[in-house]
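Engineer: Task: produce atomic coordinates for the following.
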Amino acid sequence: MLTYSSEVVNGQLVTVLPAPFRASGNAIGPLYRGGAATPATIPRAQSAGANAANAQAAGAAPWDPRVSPLPLLVVMLVVGLVGLRYIHWRD
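Structural biologist: Residues are numbered from 1 along each chain as shown. Alright, predicted model coming up:
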């Protein structure tokens, strides 16, 4: 049977988990290739190939609404500021 133990840390008595619970990996997150690590935030397929070509096209023509999100973002910014002005800052 696994029992808890205690130790003094910084002058306070704290509970210590049994070794099998500490070694389970659940407390440190998922394991990748044998060690604790965070997964990649951008999948490899998203950073190469057709998506890279789309990003280059958007960079070459930033105001073209067919390839770039910039015009939509500007419209959303204007709508947000107008909404703040006439709804939130209303006198």
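Engineer: where do the helices sit along the chain?
Structural biologist: 19-22, 50-60, 70-83 (DSSP state H).
Engineer: can you list the residues that contact the last one?
Structural biologist: With C-beta atoms under 8 Å, 6 or more residues apart in numbering as the contact definition, helix 70-83 has outside contacts at 58, 62-63, 65. For every residue, glycine as well, the C-beta is placed using N, CA and C.
Engineer: Now tell me which helix or strand of the chain has the poorest mean pLDDT.
Structural biologist: Least confident helix or strand of the chain, by mean pLDDT, DSSP states H and E, is strand 31-32 with a mean of 50.
Engineer: if we can go back for a sec, now for the helices of the chain, which one comes closest to Ser5?
Structural biologist: helix 19-22 (10.0 Å; C-beta to C-beta).
Engineer: picking that back up, now the contacts of helix 70-83 as JSON lines including pLDDT and neighbour count?
Structural biologist: Output for the contacts of helix 70-83, formatted as JSON lines (pLDDT from 0 to 100; neighbours: other C-beta atoms under 10 Å):
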{"residue": "Ala58", "pLDDT": "84", "neighbour count": "15"}
{"residue": "Pro62", "pLDDT": "89", "neighbour count": "11"}
{"residue": "Trp63", "pLDDT": "92", "neighbour count": "9"}
{"residue": "Pro65", "pLDDT": "88", "neighbour count": "11"}
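Engineer: where are the low-confidence patches of the chain?
Structural biologist: 1-2, 20-51, 90-91 (pLDDT under 70).
Engineer: can you do 50?
Structural biologist: Applying pLDDT under 50 to the chain flags the ranges 26-27.
Engineer: about what we covered before: would you turn the helices of the chain into a markdown table with distance to Ser6?
Structural biologist: As requested, the helices of the chain are exported to a markdown table (distance: least, C-beta to C-beta, whole Å):
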| stretch | distance to Ser6 |
| --- | --- |
| helix 19-22 | 15 |
| helix 50-60 | 54 |
| helix 70-83 | 54 |
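Engineer: No further queries at this time; thank you.
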